[in-house]
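1. Attaching a predicted model along with its sequence, questions to come.
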Amino acid sequence: MSSHGRSFPGEPDEPAEASRPASDRTGAVPTVDLAIDLSSHELLRRVHVLDALGPDWDPVAALRGEEAAYELLYSGLSAEQQRVYDELVSAGVLPRRGDGHAAA
C-alpha cells in the first residue's frame, strides 16, 4: 500500500511482500536470459580497421619502425636518466632492450 492508503498496480500490498525476491512475488514479471552474439560485429570492426590501414600497410615494417622509435627514445640518456631507465627495467616496468642499457 502506498503512503496515501491506496494500492497501485505492481506495488506490493504489504511491506513483507516487498522484501521477498521479485520471482517469489505474486504477479511478478519473470526474468529473461538475454544473450547477444557480437562475433559478427567484431568481424566487421576488423574489416573496417584493415580497410582504414589500406592495402600498403606492412605489419612487419610497422613493428620495425616501432623498435627504431624505441631505440631513439632511449638513446643519449644522461647518467641520471640511465639510472632511472635501469631501475625501471629491473622493476619490470620497461622491457630489457639489447644489453639492458640505452644506446649512448
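-> Alright, I've got the coordinates. Residues are numbered from 1 along each chain as shown.
2. the bottom helix or strand of the protein by mean pLDDT?
-> helix 15-19 (a mean of 60; mean pLDDT, DSSP states H and E).
3. just checking, what packs against the next helix or strand after that one?
-> Counting by DSSP states H and E, the next helix or strand C-terminal to helix 15-19 is helix 39-53. With contacts taken as 3 or more Cβ pairs under 8 Å, 6 or more residues apart in numbering; DSSP states H and E, helix 39-53 sits against no other helix or strand. Using the backbone N, CA and C atoms, a C-beta is placed for each residue, glycine as well.
4. and for helix 39-53, what are the contacting residues?
-> residue 57 (Cβ atoms under 8 Å, 6 or more residues apart in numbering).
5. Now do that helix, average pLDDT.
-> Mean per-residue pLDDT for helix 39-53: 93.
6. The next helix or strand along the chain from that helix - contacts with which helices or strands?
-> The element immediately downstream of helix 39-53 (helix or strand, assigned by DSSP H and E) is helix 59-73. The contact analysis (3+ Cβ pairs under 8 Å, 6+ apart) places helix 59-73 against no helix or strand.
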